[in-house]
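**Q** got a sequence here, can you model it:
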Amino acid sequence: MVNKRIRKTAVVFAAAGCLAAVLSGCQSSRQESEVIHLKMAVADADNSAQADGARAIAEEVEKATGGQIQIEVLAGGTLGGERDTVELAMLGGIDIVTCANSVLTQWIPEMSILDQPYLFTNETQAHGAVDGPVGDLIEREALDKLNLHVIGYMESGFRNVFSKDPIESIEDFHGIKIRTMQNPYHMAAFESFGAIPTAMAASEQFTALQQGTIDACENAVSNCLNNGFYEVTKHITYTNHAFVYILVNMSDHAWNRIPEELRPAFLEAVNRGYQTERDLLKQANEDAAKVMEEEMGVVFHDIDVTELQQAYQVLAEKKGYTFDPEWQAAVDTAIRENP
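**A** Residues are numbered from 1 along each chain as shown. Predicted coordinates for the structure are as follows:
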């Protein structure tokens, strides 16, 4: 489904007759020198759903613009980590970059509302937020503060726990050393469960697990397979403790290279691409679970999520977490409209 912002943009730039001409007779006379070449940096591994989603965006854009806009996807962090590439895009040094939503909170603190554990109870709510009122706020602030156009919302989805020993109840978290992102809300969640959260770079996790520096980590299920964590963490618990978006950010310099009459088609194509990534991620998680359970001896566990949520809420209230009223209202609207 095309989101509200895409439709609004399409209205602003509505020029169906001109666009049809561009995509037919006019295009046939264009020279190769007029093709717009863009580079897209993806921090996630080349075999990840996010990299495949980026390639889907590139394919959709090329098809929708008759080859006039072509995107080269460079995955696996070849151009740098998320923060580094975002900063380069802010300066116009890279055309398009992807990053987790928490990365942008460094410049847009209001976005920290999305870092809350157990904010959404299902994917429909999470999608409704960024495809609707919360996305409007993100795009406004990113353009104003960072000179970036947020043009899409891929995701790594709900995160779960990978551990050396089984975790089936909140008591099993007590004393467990678990790697988290440098995120105060995620760390507070595991603290409330009785675990010992430890922030470290993603690249350090595997070695830390092998050496016993940590006992567990957390991410989307497919990442346990993609990163080989199943070799040292034979247990996965469906905590669904946080939902993470992978934002697609375009530099203002690159955006201004796109002719106005092509922008609606470009945005529609990006939308189709990131919707594809969401489907790919869901399938990747299901496939990874099956492979790890049937072929690699990984055991999957359910847990009382309500108990975990209540434990976090108690600590969150003690810490006095509050969020910008405008952003809170947007999140509340998305949740209310997507029960």
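**Q** how about the strands in the stretch 151-300 of the chain?
**A** Along the stretch 151-300 of the chain, counting by DSSP state E, counting those that start in this stretch, strands occupy 160-163, 177-180, 196-199, 216-219, 235-237, 243-251, 299-301.
**Q** how about those, which one is nearest residue 79?
**A** Taking C-beta to C-beta, strand 243-251 is the member of the strands of the stretch 151-300 of the chain nearest to residue 79, at 12.9 Å. Heads up, the C-betas are built off the backbone N, CA and C, glycines and all.
**Q** neighbouring strands - and their directions - for the closest one?
**A** According to DSSP bridges, strand 243-251 forms sheet pairs with strand 96-100 (antiparallel), strand 148-158 (antiparallel).
**Q** in CSV: these, plus distance to residue 292.
**A** Below are the strands paired with strand 243-251 laid out as CSV (distance: least, C-beta to C-beta, whole Å):
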stretch, distance to residue 292
strand 96-100, 23
strand 148-158, 17
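**Q** quick revisit: relative to residue 78, which of the strands of the stretch 151-300 of the chain is closest?
**A** Nearest of the strands of the stretch 151-300 of the chain to residue 78, taken as C-beta to C-beta: strand 243-251 at 16.6 Å.
**Q** just the C-alphas of that closest one, formatted as PDB.
**A** Only the C-alpha atoms of strand 243-251 are listed here, as PDB (Å, rounded to 0.1, in the frame of the first residue of the first chain):
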ATOM      1  CA  PHE A 243      11.400  -2.900  16.600                       C
ATOM      2  CA  VAL A 244      14.200  -1.400  14.500                       C
ATOM      3  CA  TYR A 245      13.800   0.500  11.200                       C
ATOM      4  CA  ILE A 246      16.400   0.800   8.600                       C
ATOM      5  CA  LEU A 247      15.900   4.300   7.100                       C
ATOM      6  CA  VAL A 248      16.800   5.100   3.500                       C
ATOM      7  CA  ASN A 249      18.400   8.600   3.500                       C
ATOM      8  CA  MET A 250      19.200  10.600   0.400                       C
ATOM      9  CA  SER A 251      21.500  13.600   0.300                       C
END
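**Q** roughly how far is that strand from the heart of the chain?
**A** 5 Å (C-alpha atoms, centre = their mean, to the nearest Å).
**Q** low-scoring stretches of the chain, by residue?
**A** 1-33 (pLDDT under 70).
**Q** partners of the nearest residue to residue 182 once chain neighbours are set aside in the sheet?
**A** Nearest residue to residue 182, sequence neighbours excluded (C-beta to C-beta, 6 or more residues apart in numbering): residue 199, at 4.3 Å. Note on residue 199: beta-bridge partners by DSSP bridges are residue 180.
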